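Novice: Have a look at this fold, sequence not included:
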């Protein structure tokens, strides 16, 4: 029974890491886009730092990044296509649980 649980847990961690890597790619695109306002690019970089931190669990990292991304998605100066990518990143992160 313990072996099955470990396998499931290992698969789940792999899936979560895959999601985090996808989100990091999205955020790197946003952070390197010169048409995106500076404060949005800065927040994208901050979210990347949160996701790459080894100090917290995967769920805590995802939660911290969601908080940052949710706040900047409300910015009225954000381009529509950037807001859409931020929402996409948030949806990937919302599935990550402990």
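Specialist: Received it, and whenever you're ready, just let me know what you need. Quick caveat: nothing in here was measured; it's all calculated off a predicted structure. Residues are numbered from 1 along each chain as shown.
Novice: For the helix or strand of the chain with the lowest mean pLDDT, enumerate the helices and strands it packs against.
Specialist: Of all the helices and strands that make up the chain, helix 2-31 has the lowest average by mean pLDDT, DSSP states H and E, namely a mean of 86. Under the contact criterion of 3 or more Cβ pairs under 8 Å, 6 or more residues apart in numbering; DSSP states H and E, helix 2-31 touches helix 38-52, helix 58-73, helix 80-94. Glycine gets a C-beta too; all of them are placed from N, C-alpha and C.
Novice: Mean pLDDT and distance to residue 15 added to these, as TSV?
Specialist: Listed next are these as TSV, based on pLDDT from 0 to 100; distance: least, Cβ to Cβ, whole Å:
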stretch	mean pLDDT	distance to residue 15
helix 38-52	97	15
helix 58-73	97	10
helix 80-94	97	11
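Novice: Nearest to residue 26, out of these?
Specialist: Comparison of these against residue 26 by Cβ to Cβ identifies helix 80-94 as nearest, at 4.7 Å.
Novice: Identify each buried residue in the closest one, please.
Specialist: 82, 85, 86, 89, 90, 92, 93 (16 or more other Cβ atoms under 10 Å).
Novice: what's the answer for stretch 54-68, then?
Specialist: Neighbour counts using 16+ other Cβ under 10 Å place 58, 61, 62, 63, 64, 65, 66, 68 of stretch 54-68 among the buried residues.
Novice: contacting residues around the spatially most central residue of the chain?
Specialist: Nearest residue to the geometric centre of the chain (Cα atoms, centre = their mean): residue 23, 4.6 Å. By Cβ atoms under 8 Å, 6 or more residues apart in numbering, the residues touching residue 23 are 47, 51, 65, 89, 92, 93.
Novice: Which two among those residues are spaced furthest apart?
Specialist: 47 and 92, at 11.8 Å, using Cβ to Cβ across these.
Novice: so residue 46 makes contact with residue 68?
Specialist: Yes - counting by Cβ atoms under 8 Å, residue 46 does reach residue 68; the two are 5.7 Å apart.
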